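Asker: Quick one: sequence and predicted model below, then my questions.
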Protein chains: 2
Amino acid sequence: MKLNEIKTPSLIIDRQRLVKNCNYMSNRMRKFGVDLRPHLKTAKSFEIAKIATNGHFGGITVSTLAEASYFLANGITDITYAVGISPDKLEEVSDLLDKGARVRVITDNLAVVPVLQEKCASLKANMNVLIEIDTGGLRGGINPESEELVDLAKAIEQANNLNLDGVLTHAGHSYECDNIDSIRLVADNERSGVVKAAEILRKQGISCDVVSAGSTPTAVFVENLDGITEMRPGAYMFFDLDQVGMGVCKIDDIAVTVLATVIGHKKDPQRLLIDAGSLALSKDLSANQFMDNVGYGLVCRADNCSVIPGLYVERTYQEHGLIASISGPIEFDSFPIGTKVRILPNHTCITSAAHDKYYVLDNNMVAETWDRVNGW
Amino acid sequence: MKLNEIKTPSLIIDRQRLVKNCNYMSNRMRKFGVDLRPHLKTAKSFEIAKIATNGHFGGITVSTLAEASYFLANGITDITYAVGISPDKLEEVSDLLDKGARVRVITDNLAVVPVLQEKCASLKANMNVLIEIDTGGLRGGINPESEELVDLAKAIEQANNLNLDGVLTHAGHSYECDNIDSIRLVADNERSGVVKAAEILRKQGISCDVVSAGSTPTAVFVENLDGITEMRPGAYMFFDLDQVGMGVCKIDDIAVTVLATVIGHKKDPQRLLIDAGSLALSKDLSANQFMDNVGYGLVCRADNCSVIPGLYVERTYQEHGLIASISGPIEFDSFPIGTKVRILPNHTCITSAAHDKYYVLDNNMVAETWDRVNGW
């Protein structure tokens, strides 16, 4: 199929860009001698997981148990579920273990350990646990130098059905940096913080095999990964405008776009209407923190994905997008009703999640679709 | 099932509130002698469509052809697709007609009429068309007093395979009002504008059976619907915090919440982590235009849906929400890991779209689930 034969709105993935991005990160991590455990929360696709794990050990990171179950059904067994575990989710994890998965869960909470232990005992499950470390993100995790770290590690070690595998951190605040130096600083703190946690535990005689870190910005710019055993970036597979604004990638690296159709001409005020709105593009505005006139995404020609100068999605409604121009009047005759355009997303993880499949663009033709595992 | 036995994050619908909201709008439109053609873009559910159309003629409005196809498969045949039609979508509409649907499409573009006509001829389809009128929303539609209106109507009338059924408007800008008087003014303009368009056409000898209007805020506060044949509100079925902020509903009218689990305690800064983030709640911030300290939603007790004073979802990540307090320190002991909470959504249409089903809460028990038709 050609692009203009595809229903809109729809999610298009450029296979060449995807493969290039995946090879880049894979090679970069190999040069550091660090395992790449790609985060599949962005891609949510087994076809993409195959490309992303190529050349590494095959383990992945997930953000939902729906992802874990889907990837296991497709033959991926080494899975880290990198969202703080709560006792009510253990039954589902236990089912995955019974089906042959090797799942690691994470926690940062001492009080929950006896509850996890009791639940695992009742499920007759042995759970591999990583301690979540906060290296500046102020989301989940405990400070590597807090006394709680050792207490938590000992509690996990002593719990019958829990095995302490190591420590994990995510420098999510790297997404707030607007220059490479500040990303490098965050990356250095991410590394040193989680490595310090591992060292503190080892000094107490507590083994700590896994020292896991990573976000896309820090993985792209980090200069030293001493002491890290694995990195878990994910958004690099697709990149997006937010990362362009940060300087993490170039606009031509963005592998995912939303294909849309021009459905209206609003002459006063001058706007093009497209059939991609709040649902197809998401309400994410992240790239606007770094760039002007991005709105809900930049507008590209459908055929070659080149940015159409001056056009951006200014506003969205549920199924409508309003495209405005910052470079003079819109030439409506160039965009008759039915014209296809492609929208570069602000935040690829959120935009992609509205779509249940990818149309795979390969040398300007769509030969196949890849499914996605949305939901929970 | 009890609420605390349900996987999180998940979408909960309170059946009593839903039925009350639907009955309210149904009765209100009957008092005006106006047909209710509820917009199902919010609910996307046949079970809810049955409740919403009860007492009226059974026709509905949809925002996607996926909705049209789903509702037709469930026996609803009278469907208005209220997003500007583009020629590439006619084949799918034609399939719906062949299966017994009576679909109306909308346009506001004179130049597209010959293209629609040609496509319909090649499909051997007769298409019922409404002209979209702009009554102040500045999104789609033409000004009722513009010369283009009559030209467009005549072009549709004269096209062999197109039938002009009437005019349609949507005062989407009613969502920007922060008081009842301004909503009433928008409602009055919505009515008078679309009725004027109908009168202009009739004066030209052009028949105009359908005069269609409606948004939830205008349908709730309008005082005069003279000349209107049908209203198309949709969000009233669920309501949301945005509409609370506008004064359209009370907080206890909100029928849809996101059930979430506490998965972390961040002591410094004081935050509760929940497993509902940007995907489960959406990135929509609309209610913040009217109310302070709403963030991505207010936090309720799971058991009785009462708002927990001072708590709100301050920040979201893909699968994490960070709850902050504006009323002193968080009592972490009251929220052990695993505690369920319910989040009131800012914008119910967007939040609901992340979920593939509703858990139906009926007198505090969940006895069934209802499916939703997401995507396109």
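Answerer: Cool, the structure landed.
Asker: for the stretch 51-200 of chain A, what spans make up the helices?
Answerer: Ranges of helices in the stretch 51-200 of chain A, per DSSP state H, counting those that start in this stretch, are A:65-73, A:90-98, A:113-123, A:147-158, A:180-203.
Asker: What mean pLDDT does the longest one get?
Answerer: Put plainly, it is helix A:180-203. The average pLDDT within helix A:180-203 is 97.
Asker: Please give the centre-to-centre distance between the host helix or strand of A:His265 and its chain.
Answerer: Using DSSP states H and E, A:His265 sits in strand A:256-266. Distance of strand A:256-266 from the chain centroid (C-alpha atoms, centre = their mean, to the nearest Å) equals 25 Å.
Asker: Just send the helices of the stretch 51-200 of chain A back as TSV, with distance to chain B too.
Answerer: C-beta here means a position set from N, CA and C on the backbone, and glycine is covered the same way. TSV is the format used below for the helices of the stretch 51-200 of chain A (distance: least, C-beta to the nearest C-beta, whole Å):
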stretch	distance to chain B
helix A:65-73	8
helix A:90-98	8
helix A:113-123	7
helix A:147-158	9
helix A:180-203	15
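Asker: Could you dump those helices into TSV with mean neighbour count added?
Answerer: Listed next are these as TSV, based on neighbours: other C-beta atoms under 10 Å in any protein chain shown:
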stretch	mean neighbour count
helix A:65-73	20
helix A:90-98	18
helix A:113-123	18
helix A:147-158	18
helix A:180-203	20
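Asker: could I get the ones you listed as a markdown table with distance to B:Lys41?
Answerer: Shown next, in a markdown table, are the helices of the stretch 51-200 of chain A (distance: least, C-beta to C-beta, whole Å):
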| stretch | distance to B:Lys41 |
| --- | --- |
| helix A:65-73 | 25 |
| helix A:90-98 | 32 |
| helix A:113-123 | 41 |
| helix A:147-158 | 47 |
| helix A:180-203 | 40 |
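Asker: Contacts only, for the residue of chain A positioned farthest from its centre.
Answerer: Among residues of chain A, the one most distant from the C-alpha centroid is A:Asp268; the distance is 39.3 Å, by C-alpha atoms, centre = their mean. Not one residue lies near A:Asp268 by C-beta atoms under 8 Å, 6 or more residues apart in numbering or on different chains.
Asker: Excluding chain neighbours, give the residue nearest to A:Met365 in space.
Answerer: Sequence neighbours aside, A:Lys2 is the residue nearest to A:Met365 in space, at 6.5 Å (criterion: C-beta to C-beta, 6 or more residues apart in numbering or on different chains).
Asker: Tell me, how many residues neighbour the one you found?
Answerer: 11 (other C-beta atoms under 10 Å in any protein chain shown).
Asker: Then A:Lys7?
Answerer: Residues near A:Lys7, counting by other C-beta under 10 Å, number 17.
Asker: same deal with A:Asn179?
Answerer: Neighbour tally, A:Asn179, other C-beta under 10 Å: 11.
Asker: is it true that it touches A:Gly247?
Answerer: Yes: using C-beta atoms under 8 Å, A:Asn179 is in contact with A:Gly247, at 6.5 Å.
Asker: circling back: how close does the residue nearest to A:Met365 sit to chain B?
Answerer: Distance of A:Lys2 to chain B, given as C-beta to the nearest C-beta, to the nearest Å: 12 Å.
Asker: close enough to count as contact, that residue and A:Ala367?
Answerer: No: if you go by C-beta under 8 Å, A:Lys2 and A:Ala367 don't touch, sitting 10.9 Å apart.
Asker: which non-adjacent residue is nearest A:His173?
Answerer: Nearest to A:His173 is A:Gly137, by C-beta to C-beta, 6+ apart, at 4.8 Å.
Asker: quick one: the one you found and A:Gly172 touch, right?
Answerer: Yes: here A:Gly137 reaches A:Gly172: they are 4.4 Å apart, a contact under C-beta under 8 Å.
Asker: where does chain A dip in pLDDT?
Answerer: Applying pLDDT under 70 to chain A flags no residue at all.
Asker: Domains in it, by residue range?
Answerer: With automatic domain parsing as the criterion, the domains of chain A are listed as A:3-10+A:249-371, A:16-237.
Asker: Compare the ones you listed and report which one is nearest to B:Lys357.
Answerer: Of all those, domain A:16-237 sits nearest to B:Lys357, with 13.0 Å by C-beta to C-beta.
Asker: okay, how far is it across that closest one, tip to tip?
Answerer: End-to-end span of domain A:16-237 (C-alpha to C-alpha, to the nearest Å): 11 Å.
Asker: What of stretch A:236-246?
Answerer: 13 Å.
Asker: Give me the buried positions along it.
Answerer: By neighbour count on 16 or more other C-beta atoms under 10 Å in any protein chain shown, the buried set for stretch A:236-246 is A:Tyr236, A:Met237, A:Phe238, A:Phe239, A:Asp240, A:Leu241, A:Asp242, A:Gln243, A:Val244, A:Gly245, A:Met246.
Asker: near chain B, anything from it?
Answerer: No: contact between stretch A:236-246 and chain B is absent, the nearest approach being 12.3 Å (criterion: C-beta under 8 Å from any C-beta of the partner chain).
Asker: near chain B, which residues of the stretch 1-150 of chain A show up?
Answerer: Residues of the stretch 1-150 of chain A lying close to chain B by C-beta under 8 Å from any C-beta are A:4, A:7-10, A:41, A:63-64, A:83-89, A:92, A:108-109, A:111-112, A:115, A:138-140.
Asker: of these, buried ones?
Answerer: With burial judged by 16+ other C-beta under 10 Å, the buried subset of those is A:7-10, A:41, A:63-64, A:83-89, A:92, A:108-109, A:112, A:115, A:139-140.
Asker: returning to that earlier point: please list all residues in contact with the residue nearest to A:Met365.
Answerer: Counting by C-beta under 8 Å, 6+ apart, A:Lys2 has contacts A:Asn364, A:Met365, A:Val366.
Asker: partners of the one helix or strand the last one maps to, with directions?
Answerer: Looking back up the chat, that one is A:Val366. Per DSSP H and E: A:Val366 is located in strand A:365-371. Next to strand A:365-371 in the sheet, as set by DSSP bridges, lie strand A:357-362 (antiparallel).
Asker: The partner strand vs strand A:256-266, what angle?
Answerer: Comparing the axes of strand A:357-362 and strand A:256-266 via axes from the mean of the first three to the mean of the last three C-alpha atoms, to 10 degrees yields an angle of 100 degrees.
Asker: which parts of strand A:357-362 are buried?
Answerer: Buried positions in strand A:357-362, judged by neighbour count with 16+ other C-beta under 10 Å: A:Lys357, A:Tyr358, A:Tyr359, A:Val360, A:Leu361.
Asker: Could you please name the strands the strand holding A:His265 pairs with and the direction of each pair?
Answerer: Here, using DSSP bridges, strand A:256-266 pairs with strand A:10-14 (antiparallel), strand A:271-274 (antiparallel), strand A:340-344 (antiparallel).
Asker: Show residues contacting the following helix or strand past the last one.
Answerer: Right, strand A:340-344. The helix or strand immediately downstream of strand A:340-344 is helix A:348-352, counting by DSSP H and E. The list of residues contacting helix A:348-352 from outside it, by C-beta under 8 Å, 6+ apart, reads A:11, A:41-44, A:234-235, A:238-240, A:254, A:256, A:258, A:280-282, A:284, A:297, A:345, A:372, B:278-279, B:283, B:318.
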